[in-house]
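Student: here's a sequence, model it:
(chains A, B and C)
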Amino acid sequence: MKRFVDLAELPREEVPALLELAERLQREPEPRALAGKILGLLFLNPSLRTLASFQAGMARLGGSSFVITPGQGTWQLETRPGVVMDGAAAEHAREGIPVLASYCDALGIRAFADGRDLAADLAETTFNALAALVDKPLINLESAVNHPCQALADWKTLEDFGVPRRGRLVLSWAYHPRPLPLAVPSAVLHMAALRGMEVVVLRPEGFALPPSIMDKARRAAALSGGSVRESEDRREAIAGAHIVYAKEWGATACYGDAAEEARRRAGLTGWCVRNEWFEPAARECRLMHCLPVRRNVAVADEVLDGPRSIVRRQAYNRLPVQMAVLYRLLKGL
Amino acid sequence: MKRFVDLAELPREEVPALLELAERLQREPEPRALAGKILGLLFLNPSLRTLASFQAGMARLGGSSFVITPGQGTWQLETRPGVVMDGAAAEHAREGIPVLASYCDALGIRAFADGRDLAADLAETTFNALAALVDKPLINLESAVNHPCQALADWKTLEDFGVPRRGRLVLSWAYHPRPLPLAVPSAVLHMAALRGMEVVVLRPEGFALPPSIMDKARRAAALSGGSVRESEDRREAIAGAHIVYAKEWGATACYGDAAEEARRRAGLTGWCVRNEWFEPAARECRLMHCLPVRRNVAVADEVLDGPRSIVRRQAYNRLPVQMAVLYRLLKGL
Amino acid sequence: MKRFVDLAELPREEVPALLELAERLQREPEPRALAGKILGLLFLNPSLRTLASFQAGMARLGGSSFVITPGQGTWQLETRPGVVMDGAAAEHAREGIPVLASYCDALGIRAFADGRDLAADLAETTFNALAALVDKPLINLESAVNHPCQALADWKTLEDFGVPRRGRLVLSWAYHPRPLPLAVPSAVLHMAALRGMEVVVLRPEGFALPPSIMDKARRAAALSGGSVRESEDRREAIAGAHIVYAKEWGATACYGDAAEEARRRAGLTGWCVRNEWFEPAARECRLMHCLPVRRNVAVADEVLDGPRSIVRRQAYNRLPVQMAVLYRLLKGL
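Tutor: Below is the predicted model of the structure:
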């Protein structure tokens, strides 16, 4: 494995191998496996789980890491090509990224969507421009429309809880005061389809995921024997489901238009996941969320604090699956 | 030892054992003792000594650490229960804390007093709510009314300088432009009482420490054979003292009332420790302070730069005593 | 070697020895050489290369590091002596620096020029005041008028590319919206003179380097057999040169006077290095820059992305030369 950027670019047997390696490293720790190896972590956006779990994962394997957070002790990085740099950014990614890569054995990069130009974000313009500058093993710590570390941790969580390969996963839109990026819904939708699940995207009118994201998931489902469909009918979608995966995202029809987005969002505060959503036909259904989650806005306390929530296991699983990714990238085994 | 949160909750023989262990680790380094172990450090408030000394201490013992500072590369953490999270905080401690704890072998948390509700701060409402979410060894990096790492380092400093067990320690209020928390005065008062010292709390009218803090210290003194009393008479208090421990704190009678606090504070700028405080009856008396200290506001240059100041040793001692705490928590020996 | 603060204070044989050690550590890694050693890094100003490469360098040698960034999770440090600290800074360097030094085996400090008082900056008033508080091996991570880590990495880069010892290096002023410090031009000028090169300082009228900096370089050139001169004639200076080292700096005749500086700077935007600068008489000439560089402001894309740019190698070389410095300071060999 040369880089971990998108589950879709891995050979089909790679995901089960990574999950097996993650299990093995939990069972039989290898505290010297990556001795002397260095992971660079570049965060162009905030983080909690990714920041902590990658540092912890390298340390558990005997390696080290450093963190660079432009704007926090480091100047802003310019990412646009050809620009006359007379603004706030003091350094261009064309220098900054290769230099950071030259100091480490693998580099992780987080670069969220710009949120202005949908086509550019769907094309991963920013992340791909940064990735092209890296000649070392590369890890996607979340890009405009992808978050493979989250997707892999979620896959492991589904295994941990014995969710059937052909089970139903409802990816449900949830309310948030602001439009959030498409990275997690895209990555989770694709992951569940790749796993062979019956995936239902449940969302209010106007919040459909972009066709290219739906198509990518459908292609994965075609290979795995799963299925992907959309619904606006909450009762129908959840009845019989194994998993509701709650996630907030923005309306792509008015991408970057804050006023129109706010208008569409008004009146949707009812999309806060409550226990009644699961009554009466999905009582055993689990609740997943990638975190961070706004309590009583996206998901109610009663759900997060009740037995159906498996969000903490999802977050914990970031550690073992990322250790497996690091092991594969840096040891090549 | 399961957690290090308050000297008062440790068995009586634990403090001498920790101090002995700290000495031993200074004399006979154990650079592989905590190999493979990871310390998580969560700072809800700024830090210099704690931040540097815990990272250094883990490294000296062969372990690793990661630092999470909400608001600096990580979003704000909400700590209030049951709140509708439609404000600035993107994540609730109920998710964030257990997740961070799951990535490490021990977690340290710093959560200062809110400074608005005295009863809530005295009850350690915030820190206790966070601590309840941690199922790993826990270290208090300073809470509303406690700072056990500072207290233990100060105890070691008293030993290092041969201050008699029954000696007199004057905990003296010192001026500061703003009301500072009660954590250090509370912790130092309790520590000195627990050590068996004659403790005098010297403070201007209106700046008495809360009864619950005084009572806790008196209970410790009753066990140790020490004593605790209050004074407003600087000359009387300092005459014959072995230690003046200078500390800034707020007026608890007007807790959270900035205007009234400023009124009380006006006219107290004379409470800046100067060499003349020690004349003529306490010439050998040492000056302690937990740092950071505002020079020529709380303590004059002439004192800090003179032979009676032992503030740097106090700060250095954070390292060996915290190494002992980490060793006990993570090795259990 | 007790400290690495200025190439000028090292014995003459030290630089070649460091460069040889850097080569050796690249060729024959010593992943346990600094096991158990701790480097403290104090950044009073932002950083990318220095921050990442020192952490990576310690890790490559088996050691650890911690980073303190006042204002980012740590309060501001006051550096002026004798001041009444009733402003924003909560701690004085007189406490903060010795305390940090006591937690580590070597301390690196970055303290840029204040940019107000030229004489004070030329005298390294701030850095020297901080350095005087450190009783451990000390590394200058960039001070008002020095950056020895950059200078040593640049020397190695000149060796790597086979630039003749007597070759010509043109230190060329480059445009920047704001006046930048003198640290890198001073350090590079001195380094090239010390190496024995023919150094030409090319700058517009009014941007001469201060006499004390020119004199220091001339003294180095006198020892090494090199030479130092100034020029305003770009064509003459560059014809036949081996290296153009582009660097932005402020006008010292109006140091600290923003309005006058802006007036002098207007009309100098043509000082953005372009390929035509090298035509026809310096086609093989390389381009160096310490980074960060504002593209199309100080140096054009066509130069940075073309074959004459060796800026990435300069940045990469920070790692091996700093590993050599750490090795010498902490192992003494």
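
Student: how far off centre is stretch A:108-118?
Tutor: Here the centre of stretch A:108-118 is set off from its chain's centre by 13 Å, with Cα atoms, centre = their mean, to the nearest Å.

Student: what's it in contact with?
Tutor: A:39-45, A:47, A:50, A:54, A:79, A:97, A:120-121, A:126-127, A:130-131, A:134, A:138-145, A:179, A:181-183, A:210, A:250, A:252, A:255-256 (Cβ atoms under 8 Å, 6 or more residues apart in numbering or on different chains). C-betas here are computed from N, CA, C, even on glycine.

Student: in contact with A:Lys247, which residues?
Tutor: Each residue near A:Lys247 by Cβ under 8 Å, 6+ apart is listed here: A:Leu171, A:Ser172, A:Trp173, A:Ala174, A:Leu180, A:Val184, A:Pro185, A:Val188, A:His289, A:Cys290.

Student: and it, its phi and psi?
Tutor: Main-chain dihedrals, A:Lys247, degrees, to the nearest 10: phi -160, psi 140.

Student: please parse chain A into its domains.
Tutor: Listed by automatic domain parsing, the domain ranges of chain A are A:3-147+A:318-331, A:162-309.

Student: okay, how far is it across the shortest one, tip to tip?
Tutor: The first residue of domain A:162-309 is 15 Å away from its last residue (Cα to Cα, to the nearest Å).

Student: so how far is that domain off the chain centroid?
Tutor: The chain centroid and the centroid of domain A:162-309 are separated by 13 Å under Cα atoms, centre = their mean.

Student: returning to what we had before: and the contacts of stretch A:108-118, which of them are in helices?
Tutor: The helices, defined by DSSP state H, take in A:Thr50, A:Phe54, A:Ile97, A:Ala120, A:Asp121, A:Thr126, A:Phe127, A:Leu130, A:Ala131, A:Ala183 from the contacts of stretch A:108-118.

Student: let me have those in TSV, extended by distance to chain C.
Tutor: TSV is the format used below for the ones in helices among the contacts of stretch A:108-118 (distance: Cβ to the nearest Cβ, whole Å):
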residue	distance to chain C
A:Thr50	18
A:Phe54	14
A:Ile97	10
A:Ala120	20
A:Asp121	24
A:Thr126	17
A:Phe127	19
A:Leu130	15
A:Ala131	17
A:Ala183	25
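
Student: which of those count as buried?
Tutor: Applying 16 or more other Cβ atoms under 10 Å in any protein chain shown to the ones in helices among the contacts of stretch A:108-118, the neighbour count classes A:Thr50, A:Phe54, A:Ile97, A:Asp121, A:Thr126, A:Phe127, A:Leu130, A:Ala131, A:Ala183 as buried.

Student: from the residues you listed, pick the one nearest A:Ala281.
Tutor: Nearest to A:Ala281 among those is A:Ala183, at 30.8 Å by Cβ to Cβ.

Student: for PyMOL, what selects the buried ones among the contacts of stretch A:108-118?
Tutor: Buried residues among those (16+ other Cβ under 10 Å), as a PyMOL selection:
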select buried, chain A and resi 39+40+41+42+43+44+45+47+50+54+79+97+121+126+127+130+131+134+138+139+140+141+142+143+144+145+179+181+182+183+210+250+252+255+256
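
Student: how about the residues of the stretch 51-200 of chain A near chain C?
Tutor: Counting by Cβ under 8 Å from any Cβ of the partner chain, the stretch 51-200 of chain A comes close to chain C at A:63-64, A:66, A:68, A:70, A:72-75, A:78, A:82-86, A:90-92, A:94-96, A:98-100, A:102-104.

Student: what subset of the residues you listed is also close to chain B?
Tutor: Contacts with chain B within these, counted by Cβ under 8 Å from any Cβ: A:Ser64, A:Gln72.

Student: can you name the two of the buried ones among the ones in helices among the contacts of stretch A:108-118 that are farthest apart?
Tutor: The largest distance within those, taken as Cβ to Cβ, falls between A:Phe54 and A:Asp121 and amounts to 23.8 Å.

Student: which residues in chain A form helices?
Tutor: A:14-27, A:49-60, A:93-102, A:118-122, A:125-131, A:148-160, A:183-194, A:211-224, A:234-238, A:258-265, A:301-304, A:311-331.

Student: same for the first one, what does it pack against?
Tutor: Secondary-structure packing of helix A:14-27 (3 or more Cβ pairs under 8 Å, 6 or more residues apart in numbering or on different chains; DSSP states H and E): helix A:148-160, helix A:311-331.

Student: mind checking if the shortest one is in reach of chain B?
Tutor: No: contact between helix A:148-160 and chain B, assessed by Cβ under 8 Å from any Cβ, is absent, since the two come no nearer than 11.5 Å.

Student: repeat for stretch A:170-188
Tutor: Yes: for a cut-off given as Cβ under 8 Å from any Cβ, stretch A:170-188 has contacts with chain B, namely A:Pro177.

Student: cool, stretch A:232-245 as well?
Tutor: No: no part of stretch A:232-245 sits near chain B under the criterion Cβ under 8 Å from any Cβ; the closest distance found is 15.6 Å.

Student: what parts of the stretch 201-333 of chain A come near chain B?
Tutor: Residues of the stretch 201-333 of chain A that fall close to chain B, judged by Cβ under 8 Å from any Cβ: A:291-297, A:301, A:304-305, A:311-312, A:315-316, A:319.

Student: any weak-confidence spans in chain A?
Tutor: Low-confidence segments of chain A, defined by pLDDT under 70: A:333.

Student: now for the residue in it sticking out farthest from the centre: which residues touch it?
Tutor: Distance from the C-alpha centroid of chain A, by Cα atoms, centre = their mean, peaks at A:Asp86 (33.9 Å). Contacts for A:Asp86 (Cβ under 8 Å, 6+ apart) come out as C:Pro177, C:Arg294, C:Val297.

Student: can you narrow the residues you listed to ones near chain A?
Tutor: Restricting the contacts of A:Asp86 to those near chain A by Cβ under 8 Å from any Cβ leaves C:Pro177, C:Arg294, C:Val297.

Student: looking at those residues, which is nearest chain B?
Tutor: The nearest member of the ones next to chain A among the contacts of A:Asp86 to chain B, counting by Cβ to the nearest Cβ, is C:Arg294 at 24.7 Å.

Student: excluding its backbone neighbours, what's nearest that closest one?
Tutor: Spatial nearest neighbour of C:Arg294, chain neighbours left out: A:Met85 (3.9 Å); criterion: Cβ to Cβ, 6 or more residues apart in numbering or on different chains.

Student: hang on, the one you found packs against C:Arg295?
Tutor: Yes: the pair A:Met85 / C:Arg295 is scored as a contact, 5.0 Å apart, by Cβ atoms under 8 Å.

Student: neighbour-wise, which of these two wins?
Tutor: Set side by side, A:Met85 and C:Arg295 show more neighbours around C:Arg295, with 25 against 20, by other Cβ atoms under 10 Å in any protein chain shown.

Student: that'll do, ta.
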